[in-house]
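**Student:** Take this sequence and fold it.
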Amino acid sequence: MFLKTNGLALAVHYVSAFHRHQAIAGYIAHNDEHEVYQNLTLCIIQEGKNTLPCLMDDLGITDVRIFKTWLLEENKYLAAHSCEPEEEMLYMEYWQKLIKLDASW
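**Tutor:** Residues are numbered from 1 along each chain as shown. From the prediction side, this is the model:
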């Protein structure tokens, strides 16, 4: 979805906030009305069924259960990294305060 809306960004870059929101809402409504995303999903699923065995052969994967293991590992990793590091947050907060201070001069 985001890749397709990049083209929309160019068209609404210089318009008012109202017209930007209106254009984005219209674009999304059009896609919903014409079932664009449902059709893309079906296409991806079908292509995945055809492509997965070839990819598994190329990667030397013999058991599809490895995907479940990978998914669990990914979820565990993402859960452990769900917050930004505190040091990085402090740097950003400091930077924002410097910007506000500079703007107030």
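
**Student:** Next one: residue 8 from residue 41, what distance?
**Tutor:** Residue 8 sits 21 Å away from residue 41, going by CB to CB, to the nearest Å. Every C-beta, even on glycine, is put in place using the N, C-alpha and C of the backbone.

**Student:** Could you check which of the two is surrounded by more residues?
**Tutor:** Taking other CB atoms under 10 Å, residue 8 and residue 41 do not tie; residue 8 has more neighbours (15 against 11).

**Student:** Which pLDDT value goes with the more buried one?
**Tutor:** Here, the pLDDT recorded for residue 8 equals 82.

**Student:** Renumber starting at 845 from here on
**Tutor:** Okay, residue one is now 845; in that scheme the one you just asked about reads as residue 852.

**Student:** Just list the residues touching it, thanks.
**Tutor:** Counting by CB atoms under 8 Å, 6 or more residues apart in numbering, residue 852 touches 867-868, 871.

**Student:** Check what pLDDT residue 887 gets.
**Tutor:** 81.

**Student:** Could you do the one 10 residues further on as well?
**Tutor:** The pLDDT attached to residue 897 in the predicted structure is 85.
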